[in-house]
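# Provided below are the primary sequence and the corresponding predicted coordinates.
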Amino acid sequence: MRTPLLAVALFAAASFLPLLAVEKPAPVEPAPAKVAKPYPLDTCVVSGDKLGADMGDAVVYDHEGREVRFCCKGCIDDFKKDPATYLAKLDAAESAAAKSATAPGAAAKPGTDAKVDAPKAAPVPAPAGH
């Protein structure tokens, strides 16, 4: 009598196992990392003072998702009064940096395959008498 009762209990337990199974969520792939482009200025966009000079480390400020660097916290207040003027300076510096990097005649970066024309050989004169 124990065997049929044990078989029924095992069967009942086995029939509930699929209900207990938890579905694993799909693996989430990390977002691709942003490649930070170099900051185009080495001076404060407001005062023109060299960043990281007498005032200490540059103050980094996020303006609507865009990084702006200042020589001190006081320049942030001036920036907030007219951000368009200062962002135009930043845009101009970025454009100049991009143009100089792609200008014709710019020095080839080390490790790149720059095409160099070989010097042309001078013609060899024919022997006299022929």
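Ah, there it is.
# the helices in this structure, which residues?
Along the chain, counting by DSSP state H, helices occupy 2-20, 74-81, 83-102.
# and the shortest one, what's its mean pLDDT?
Here the mean pLDDT over helix 74-81 is 94, rounded to a whole number.
# any regions of this protein where pLDDT drops low?
For the chain, the stretches flagged by pLDDT under 70 are 1-26, 30-37, 101, 103-130.
# at 90 what do you get?
Residue ranges of the chain with pLDDT under 90: 1-40, 52-57, 65-66, 94, 96-130.
# would you agree Ile76 is in contact with Phe70?
Yes: contact criterion CB atoms under 8 Å: Ile76 and Phe70 qualify, at 5.8 Å. Where C-beta positions appear, they are placed from N, C-alpha and C, glycine not excepted.
# now for those two: what residues contact both?
Common contact partners of Ile76 and Phe70 (CB atoms under 8 Å, 6 or more residues apart in numbering): 59, 61.
# of these two, which one has the most company?
Phe70 (24 against 14; other CB atoms under 10 Å).
# I'd like to know how many residues surround Lys73.
10.
# if I pick it, what's in contact with it?
Going by CB under 8 Å, 6+ apart, the list of residues near Lys73 reads Val59.
# ok, it to Thr43 distance?
In this view, Lys73 and Thr43 are 16 Å apart by CB to CB, to the nearest Å.
# how about Asp77?
From Asp77 over to Thr43 (counting by CB to CB), the distance is 18 Å.
# more neighbours: those two, which one.
Each of Asp77 and Thr43 has its neighbours counted (other CB under 10 Å); Thr43 has more, 17 against 10.
# list the contacts for that one?
49-51, 71.
# now the residues you listed: which count as buried?
49, 51, 71 (16 or more other CB atoms under 10 Å).
# ok, now which ones touch the first one?
This points to Asp49. Counted by CB under 8 Å, 6+ apart, Asp49 has contacts 43, 55, 71.
# which one of those is nearest to Ala88?
Thr43 (15.1 Å; CB to CB).
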